[in-house]
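*Asks:* need a structure here:
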Amino acid sequence: MRGTLRGLIFLLELALLTAAGFWGFTLDAGWPVRLLAGLGAPLALAVAWGLFCSPRAAVALPAPAKLAVQAACFLVGGVLLALAGHPLPGVALVIAWTADKALLLHSGDPA
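*Replies:* Model (predicted):
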């Protein structure tokens, strides 16, 4: 069960990065701004995730703080999808992450 939940959370992390890129590339702005936002937003989320949330994070946070950063990242992804005109997928992303994370924590997995 844990393996499936971990696999799902990895796919959700990829969906988070995709959502951020989608938002950037769909902005109602010139091509340079869309390119910067479409590449920069997922990069910023990936850097934050790598620094604070990955198993080999550069900054070791206590479990509650790590969970808060993860939740913030997924909330940002949900908001970005909503801003791109897709609020239901944004809500679904946040709910799917919350459910998967709750099941992982309930199973004793700190990931």
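*Asks:* Every contact and neighbour count from this point should use C-alpha atoms.
*Replies:* Fine.
*Asks:* and P89, what does it touch?
*Replies:* 78, 81-82 (C-alpha atoms under 8 Å, 6 or more residues apart in numbering).
*Asks:* Mind telling me what element it is part of?
*Replies:* helix 87-106 (DSSP states H and E).
*Asks:* do Q70 as well
*Replies:* Going by DSSP H and E, Q70 is in helix 63-83.
*Asks:* Quick one, grab the pLDDT at H106.
*Replies:* Looking at H106, its pLDDT stands at 89.
*Asks:* quick revisit: helices or strands next to the helix holding Q70 in the packing?
*Replies:* helix 2-25, helix 31-52, helix 87-106 (3 or more C-alpha pairs under 8 Å, 6 or more residues apart in numbering; DSSP states H and E).
*Asks:* Those helices into JSON lines, with extra columns for distance to A58?
*Replies:* Formatted as JSON lines, the helices and strands packed on helix 63-83 follow (distance: least, C-alpha to C-alpha, whole Å):
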{"stretch": "helix 2-25", "distance to A58": "18"}
{"stretch": "helix 31-52", "distance to A58": "5"}
{"stretch": "helix 87-106", "distance to A58": "22"}
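*Asks:* I'd like to know which of these lies nearest to V59.
*Replies:* helix 31-52 (5.4 Å; C-alpha to C-alpha).
*Asks:* if we can go back for a sec, relative orientation of the helix holding P89 and helix 63-83 in degrees?
*Replies:* Angle of helix 87-106 versus helix 63-83, following axes from the mean of the first three to the mean of the last three C-alpha atoms, to 10 degrees, is 160 degrees.
*Asks:* what about helix 87-106, distance to the chain center?
*Replies:* Offset of helix 87-106 from its chain centre (C-alpha atoms, centre = their mean, to the nearest Å): 10 Å.
*Asks:* Kindly calculate the angle that that helix makes with helix 2-25.
*Replies:* Using the same axes, to 10 degrees: helix 87-106 against helix 2-25 is 150 degrees.
*Asks:* Just the buried residues of helix 87-106, please?
*Replies:* 90-91, 93-94, 96-98, 100-101, 104 (16 or more other C-alpha atoms under 10 Å).
*Asks:* Noted, bye for now.
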